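1. Here's my sequence, what's the structure:
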Amino acid sequence: MRIERLSNDQFKIFLTFDDLIERGFTKDDLWHDASSVRNLFSDMMYEASSELGIELEGMLLVQVHLMQAQGMHIFVTQQYEDFSLDEDFIEMKVTLDESKELIFSFEEFEDIIQVASYLFPLAIDGGKVYHMNGRYYIVLDEGDLSDMNKEDIIGVMSEYSNPSIITSYRLQEYGKVIFQKDAIKQIIETFYETN
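-> All right, here's what the predicted structure looks like:
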């Protein structure tokens, strides 16, 4: 679990699916087991409060963004106004959102060329490629994945890369676009086909 303070009243937690399993949960539990989820979030809020040295009280807005292969980003905003209950009381409003994207991080562009040669025969020819902070990223959204089993794609991608904790919004804002669309097709045409 990684915790990052964003402002005086907001912080972010990144939790991998391995972290979730270590805590005794599966991804499906988040959607179906409300009381256990409440306990999970309470524990995480306590850990974040301790690590960041902040007092959490009142209303917390908790926004959970599930990412296909990576884990989850949890954004927590503390609301102070008009809260008159006793100060030890914390109420959480939790919203869950699931990303349909797969985002993987590569050390070398050569690894992207290699993975493209495995994805293209699986009828995957879309995607975007970005470069940011010395790393390359492939973003595949739901439209790029055709009817393929996502677990198969994650398996192929994991041979050459790591699931990324960076969101596509951050890549769009701060990254350099290498391929805006049809990345796999363009890589195959550029590096494998000789016409």
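
2. separation between the closest residue to residue 101 other than its chain neighbours and residue 162?
-> Counting by Cβ to Cβ, 6 or more residues apart in numbering, residue 101 lies nearest to residue 141, which is 4.9 Å off, once chain neighbours are set aside. Placement of C-beta: from N, CA and C, glycine included. Residue 141 sits 19 Å away from residue 162, going by Cβ to Cβ, to the nearest Å.

3. Then residue 76?
-> According to Cβ to Cβ, residue 76 and residue 162 sit 25 Å apart.

4. higher neighbour count, those two?
-> Applying other Cβ atoms under 10 Å to residue 76 and residue 162 shows that residue 76 carries more neighbours, namely 24 against 14.

5. And the host helix or strand of the more buried one, what does it pack against?
-> Counting by DSSP states H and E, the element that carries residue 76 is strand 71-79. Applying 3 or more Cβ pairs under 8 Å, 6 or more residues apart in numbering; DSSP states H and E, one finds that strand 71-79 makes contact with strand 10-16, helix 17-22, helix 34-52, strand 58-67.

6. Which residue ranges make up the domains of the protein?
-> 2-98, 102-191 (automatic domain parsing).

7. mean pLDDT for those domains: which is lowest?
-> Out of these, domain 2-98 stands lowest, with a mean of 76 (criterion: mean pLDDT).

8. before we move on, the earlier item: can I get the helices and strands packed on strand 71-79 in a markdown table with distance to residue 101?
-> What follows is those, written out as a markdown table (distance: least, Cβ to Cβ, whole Å):
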| stretch | distance to residue 101 |
| --- | --- |
| strand 10-16 | 16 |
| helix 17-22 | 15 |
| helix 34-52 | 23 |
| strand 58-67 | 7 |
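
9. Let's have these in CSV, adding mean neighbour count and distance to residue 189.
-> What follows is the helices and strands packed on strand 71-79, written out as CSV (neighbours: other Cβ atoms under 10 Å; distance: least, Cβ to Cβ, whole Å):
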stretch, mean neighbour count, distance to residue 189
strand 10-16, 19, 35
helix 17-22, 14, 35
helix 34-52, 14, 46
strand 58-67, 18, 29
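
10. helix/strand/coil for residue 29?
-> When classified by DSSP: H, G, I helix; E, B strand; the rest coil, residue 29 comes out as helix.
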